[in-house]
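>>> Dropping the sequence and predicted coords here.
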Amino acid sequence: MAKESTTPKAPKAVVADAGLTPATDVAATPSPAFTENVTPAGGKDGLIACISCGASEVTYNAAKGMFRCAFCRHEWADVKLDDAMGLSHGIGELTGTTLSSNAMDIASDEALVTMKCTGCGAEVVVNTDNTLQARCHWCKHTLSINNRIGNGAVPDGILPFTITKQQAMASISEFAGKRKTFQHPEFTASFKPENIMGVYMPYMTVDGNISAKLDGVGETLTKTVRREKQPTIYHARQFKVGRTLDLHIDDLIVETSSDKVDIHSDTSTNNIINAVLPFDVKNIARFDANFLGTEYTSERRDMDVKHAESYAVQHFMTIARGAVQSSVSGYDRGVRWDSEHVNVKGTRWTAVLLPVWLYGFVETKKGKQITHYIAVNGRNGYVMGSIPINTKKARTVCWIVTIVVSLITWPMALGVVLFG
Amino acid sequence: MDDAEGTGALVIALLLAGPGAGLVLWGWIQAKYRNRAARYMPERVVHHQVHNLTTDDAFIKDIVTENSSVEGRNESSHHVRAATSKAIKS
């Protein structure tokens, strides 16, 4: 509770600029290659007091989409980013690279940010690797970082959790429960749904104005000749197939955490986290550290647009390939795309935090560690996971099935050989 | 001769049924528990509008083949890149 007798009432709205340390207080300076899409002003940094009572402890009511002062119950609404920044409009007119204010390049790796509490003057350190709020240890006020700092920790927008911890726990329990037979015994013994963590993961939403050209070969069947004792013969007509198209892509989601973006199934199961996408990003709100509260942590992005771009382009190509699928359905023997070219005319990037409930288990296998995740989409509850397998048990059962089936079929084979 | 070949195929199928059943079960366990193929599917879930779709198809030749579909068929594997894949920014 931040409302203390030592805290003077703040009569008007938000208060107090925080003194961010120079090392991390980097101004948003777009590279000349970029156009900046200015993120609307949100809460200030530091102590943000309730306009009604001056307390600084704020909670977010996801059901109502309102912030609420934990002391006097005064409520106020968040700011929807899509409308405020026009993120759904003008995709066809995009040229070059447009970055929102907080999607600018990372200028510092320093995770620790020192803020000066305007409640009492004490210096408070915030570890931005996993949060953007801290409580002043002297006056107990909550201090927030809401605006761009150089290390990429503050996004433009955030999509608040609507799936509660209890719902997420129930989802992963059900998911793991349906995969019990061959579960690794260590996983079974240590599985505690209550250890699930609410994490705001860093992503960029990307709008793309692209054109694509696909070339390949397609075939249509004209005749099938089935022959005795010889393989079937197919008569077909072969065509050169070409497609060109323009695509306006709205809200592609791209990872901006380097240790999550690469998928190597021998060391981690990052694909699981990606598999709970997408999110209803049209409902993203202007970032406010009060969304994090005490229940959730946040991960700092460590990738710039220039690093995330190649992943976005891969997705653009995937979307282009999917977009022409129906136009080649007439080739009943299929199509082989030999080349695909994408011309990226314009992109628009916005840095966001998206809500994921995450449960992790580290399996040590042949001296190597593999992190298994069960992830729950914090908005729609979709769950996906990787459950470590009791390999010995699975192999034994597979061998038993092999032997049992063989015990039935091999005598039959012998009978066929002997008696025709 | 015909009967002998038919019998031979049946014998082979019966001999392979056991190992085949074991392998199928192993694959099913891996798929159900590990979900290695789970991924983000932007082609399905990301809103996109297609404009100016043009087709440029031309007959090449008639063929006779033992393959039941075009060699290297990939029109449904959207996330697997084609042999030549290139992106430019204009």
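Ah, there it is. Numbers count the residues shown, from 1 in each chain, chains lettered A, B, ... in the order given.
>>> Hmm, B:Ala83 is touching A:Gly216, no?
No - using Cβ atoms under 8 Å, B:Ala83 makes no contact with A:Gly216, being 9.4 Å away. The C-beta positions use only the backbone N, C-alpha and C, and glycine is treated the same way.
>>> which neighbours do the two share?
Jointly contacting B:Ala83 and A:Gly216 under the rule Cβ atoms under 8 Å, 6 or more residues apart in numbering or on different chains are A:338-339.
>>> which of these two has more neighbours?
Applying other Cβ atoms under 10 Å in any protein chain shown to B:Ala83 and A:Gly216 shows that A:Gly216 carries more neighbours, namely 25 against 12.
>>> Beta-bridge partners for that one, please?
A:Val241, A:Trp337 (DSSP bridges).
>>> ok, now which ones touch it?
Going by Cβ under 8 Å, 6+ apart, A:Gly216 touches A:240-242, A:335-339, B:75, B:82.
>>> Tell me the buried residues within those residues.
Buried subset of these (neighbour count, 16 or more other Cβ atoms under 10 Å in any protein chain shown): A:241, A:335-338, B:75, B:82.
>>> What residues of the one helix or strand A:Leu358 maps to count as buried?
Assessed by DSSP states H and E, A:Leu358 sits inside strand A:335-365. Using 16+ other Cβ under 10 Å as the burial criterion, the residues of strand A:335-365 that qualify are A:335-338, A:340-359, A:361, A:363.
>>> buried sites along the helix or strand following that strand?
Using DSSP H and E, the helix or strand that follows strand A:335-365 in sequence is strand A:368-377. Neighbour counts over strand A:368-377 (16+ other Cβ under 10 Å) mark A:370, A:372-377 as buried.
>>> Remind me what strand A:368-377 packs against, helices and strands.
Packing contacts for strand A:368-377, counted by 3 or more Cβ pairs under 8 Å, 6 or more residues apart in numbering or on different chains; DSSP states H and E, involve helix A:165-177, helix A:270-275, strand A:335-365, strand A:383-385.
>>> hmm, 10 Å instead?
Under the contact criterion of 3 or more Cβ pairs under 10 Å, 6 or more residues apart in numbering or on different chains; DSSP states H and E, strand A:368-377 touches helix A:165-177, strand A:197-227, helix A:270-275, strand A:335-365, strand A:383-385, helix B:2-34.
>>> Now do the longest one, average pLDDT.
In this model, helix B:2-34 carries a mean pLDDT of 89.
>>> Quick check: what element follows it along the chain?
helix B:42-45.
>>> could the buried ones among the contacts of A:Gly216 be laid out in JSON lines, adding distance to A:Lys260?
Formatted as JSON lines, the buried ones among the contacts of A:Gly216 follow (distance: Cβ to Cβ, whole Å):
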{"residue": "A:Val241", "distance to A:Lys260": "36"}
{"residue": "A:Val335", "distance to A:Lys260": "33"}
{"residue": "A:Arg336", "distance to A:Lys260": "33"}
{"residue": "A:Trp337", "distance to A:Lys260": "29"}
{"residue": "A:Asp338", "distance to A:Lys260": "32"}
{"residue": "B:Glu75", "distance to A:Lys260": "30"}
{"residue": "B:Ala82", "distance to A:Lys260": "27"}
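>>> Just checking, which helix or strand of chain A averages the lowest pLDDT?
When each helix and strand of chain A is scored by mean pLDDT, DSSP states H and E, strand A:46-47 comes last, with a mean of 69.
>>> how about stretch A:195-212 against chain B, any contact?
Yes - applying Cβ under 10 Å from any Cβ of the partner chain, one finds stretch A:195-212 touching chain B at A:205-212.
>>> what's around residue 90, how many residues?
Went with chain A since none was named. With other Cβ under 10 Å as criterion, A:Gly90 counts 14.
>>> To clarify, I was referring to chain B.
Neighbours of B:Ser90 using other Cβ under 10 Å come to 10.
>>> which residues touch it?
Contacts for B:Ser90 (Cβ atoms under 10 Å, 6 or more residues apart in numbering or on different chains) come out as A:95-96, A:210-211, A:343-346.
>>> would you turn the residues you listed into JSON lines with pLDDT and distance to A:Cys50?
Below are those laid out as JSON lines (pLDDT from 0 to 100; distance: Cβ to Cβ, whole Å):
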{"residue": "A:Thr95", "pLDDT": "93", "distance to A:Cys50": "44"}
{"residue": "A:Gly96", "pLDDT": "92", "distance to A:Cys50": "42"}
{"residue": "A:Ile210", "pLDDT": "96", "distance to A:Cys50": "46"}
{"residue": "A:Ser211", "pLDDT": "97", "distance to A:Cys50": "51"}
{"residue": "A:Asn343", "pLDDT": "96", "distance to A:Cys50": "51"}
{"residue": "A:Val344", "pLDDT": "95", "distance to A:Cys50": "45"}
{"residue": "A:Lys345", "pLDDT": "95", "distance to A:Cys50": "46"}
{"residue": "A:Gly346", "pLDDT": "95", "distance to A:Cys50": "42"}
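>>> among the residues you listed, which two are most distant?
A:Gly96 and A:Ser211 (15.0 Å; Cβ to Cβ).
>>> between those two, who's got more neighbours?
Shown here are A:Gly96 and A:Ser211; by other Cβ under 10 Å, A:Ser211 has more neighbours (17 against 14).
>>> isn't the more buried one right up against B:Asn52?
Yes - using Cβ atoms under 10 Å as the test, A:Ser211 is close enough to B:Asn52 to be in contact (8.1 Å).
>>> Find residues that contact each of the two.
Joint contacts of A:Ser211 and B:Asn52 (Cβ under 10 Å, 6+ apart) are A:244-247.
>>> Out of those, give me the one that has the most neighbours.
Result: A:Leu247 is most packed of the shared contacts of A:Ser211 and B:Asn52 (other Cβ under 10 Å), 23 neighbours.
>>> bridging residues for that one?
A:Ile210, B:Val50.
>>> How about the contacts made by it?
A:Leu247 touches A:91-92, A:208-212, A:316, A:319-320, A:323, A:342, A:345, B:48-53, counting by Cβ under 10 Å, 6+ apart.
>>> And the residues you listed, which of them are buried?
Among the contacts of A:Leu247, the ones that count as buried (16+ other Cβ under 10 Å) are A:91, A:208-212, A:316, A:319-320, A:323, A:342, A:345, B:48, B:50.
>>> if we can go back for a sec, which one among the contacts of A:Gly216 gets closest to A:Ala107?
Looking across those and measuring by Cβ to Cβ, the closest to A:Ala107 is B:Ala82, at 37.7 Å.
>>> Give me the distance between A:Asn147 and A:Leu292.
15 Å (Cβ to Cβ, to the nearest Å).
>>> and what of A:Leu94?
Applying Cβ to Cβ to A:Leu94 and A:Leu292 gives a distance of 31 Å.
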